[in-house]
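*Asks:* Okay, predicted coordinates and the sequence, questions at the end:
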Amino acid sequence: MTNEVTVPLLPCASIDDIETFYGVLGFSTTYKQRKPNPCVALQREDLHLQFFEIAGFEPEQSYGSCIVLTSDIAELHRAFAAGMRAAYGKVLVSGMPRMTRPRARKNADGLGGFSVIDPGGNWVRVFQNAATMPTPAPAPAGRLAKALANAIVLADSKGDVGQAVRILDSALARPQADDDPVTHVEVLVYRAELAMTLHDRETATEMLARIEHIALNPDETGRAAPTFEIAADLAAALR
């Protein structure tokens with residue numbers, strides 16, 4: 001048979017908080033009930049999510065998760081980010097809810113992905129559909145790129161921000177003459193983002209300031225442009 005549809009059913013502490021947050025991301029409510037069991041159904045184009053409320057539920061302890069495959073992770077992330085900026089004045093990168101950035105994941109064969117961590121503590125993991133991207137990103141080369149790839153897996157996939165920080169700090173503490181300056185910028189910006197996740201504004205500010213001391217030629221500046229956009233978002237969130 002074909003045309004079956006699977007809809008995730010995820011836990012939360014408040015369906016009202018869930019409904020508000022996903023409304024910011026462009027979802028509409030297709031169904032909501034209070035009795036006999038509180039639940040809400042949400043839809044954004046072909047993306048369907050449903051949530052049920054549990055009294056006394058602790059989002060920080062949630063194991064709720066689902067995978068979303070899309071043909072364009074960058075466009076979906078831009079739409080979600082625009083909704084956050086309109087509602088909150090910034091892209092949420094710390095606390096709960098929050099959203100990570102699209103990055104290639106070495107634990108997903110190099111396919112790009114990002115995660116939305118919602119008010120229920122659920123991780124909605126968005127990945128590029130392999131069928132629409134037959135050539136995933138190449139394996140990282142160079143010590144900084146490898147450290148960055150490992151940190152992304154730990155923080156963005158597993159939620160182990162502390163270990164990701166240790167990996168990046170170790171790499172940044174041992175600069176080498178042949179380090180790629182663009183990757184150096186990427187590492188500093190990601191380290192700043194992780195600092196904000198940990199509510200460490202001082203380190204985030206320091207990492208963004210260090211970017212200004214990295215010399216880039218015109219080609220490298222062009223390659224680093226998307227990362228500089230992320231840095232600008234982080235700087236705005238620090239104000």
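*Replies:* Right, received. Where do you want to start? Computed from a predicted model, the values in this text were never measured in an experiment.
*Asks:* residues in contact with the residue minimising distance to the centre of the chain?
*Replies:* Residue closest to the average C-alpha location in the chain (CA atoms, centre = their mean): residue 100, at 1.3 Å. Contacts for residue 100 (CB atoms under 8 Å, 6 or more residues apart in numbering) come out as 93, 114, 115, 155, 156. Any C-beta I mention is one placed from the backbone N, CA and C, and that applies to glycine too.
*Asks:* The same query, at a cut-off of 7 Å, please.
*Replies:* The neighbourhood of residue 100, defined by CB atoms under 7 Å, 6 or more residues apart in numbering, consists of 114, 115, 156.
*Asks:* same check, this time on residue 122
*Replies:* By CB under 7 Å, 6+ apart, the residues touching residue 122 are 10, 62, 64, 65.
*Asks:* going on from the host helix or strand of residue 82, what's the next piece of helix or strand?
*Replies:* Secondary structure from DSSP states H and E places residue 82 in helix 73-88. Downstream of helix 73-88, the next assigned helix or strand under DSSP H and E is strand 98-99.
*Asks:* Okay, now the sheet partners of that next one, with direction.
*Replies:* Strand 98-99 has the following strand partners under DSSP bridges: strand 112-117 (antiparallel).
*Asks:* Can I get the strand it pairs with as PDB, trimmed to CA atoms?
*Replies:* Below are the C-alpha coordinates for strand 112-117, written out as PDB (Å, rounded to 0.1, in the frame of the first residue of the first chain):
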ATOM      1  CA  GLY A 112      22.700  18.700   6.700                       C
ATOM      2  CA  GLY A 113      20.400  19.000   9.600                       C
ATOM      3  CA  PHE A 114      19.200  21.200  12.400                       C
ATOM      4  CA  SER A 115      17.000  20.700  15.500                       C
ATOM      5  CA  VAL A 116      14.100  22.400  17.100                       C
ATOM      6  CA  ILE A 117      13.900  21.800  20.900                       C
END
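*Asks:* Show me what that strand is in contact with.
*Replies:* By CB under 7 Å, 6+ apart, the surrounding residues in contact with strand 112-117 are 73, 77, 80, 96-105, 123-128, 156.
*Asks:* quick revisit: neighbour-wise, which one of the contacts of residue 100 leads?
*Replies:* residue 156 (25 neighbours; other CB atoms under 10 Å).
*Asks:* Can you report phi and psi for that one?
*Replies:* The phi/psi pair for residue 156 (degrees, to the nearest 10) reads phi -80, psi -30.
*Asks:* Closest one of the contacts of residue 122 to residue 172?
*Replies:* For those, the closest approach to residue 172 (CB to CB) belongs to residue 65, at 30.5 Å.
*Asks:* and the gap between the closest residue to the closest one other than its chain neighbours and residue 59?
*Replies:* Sequence neighbours aside, residue 123 is the residue nearest to residue 65 in space, at 4.3 Å (criterion: CB to CB, 6 or more residues apart in numbering). Using CB to CB, to the nearest Å, residue 123 is found at 11 Å from residue 59.
*Asks:* all helices of this protein, in order?
*Replies:* 15-24, 73-88, 143-152, 161-172, 181-197, 201-211, 218-223, 225-238 (DSSP state H).
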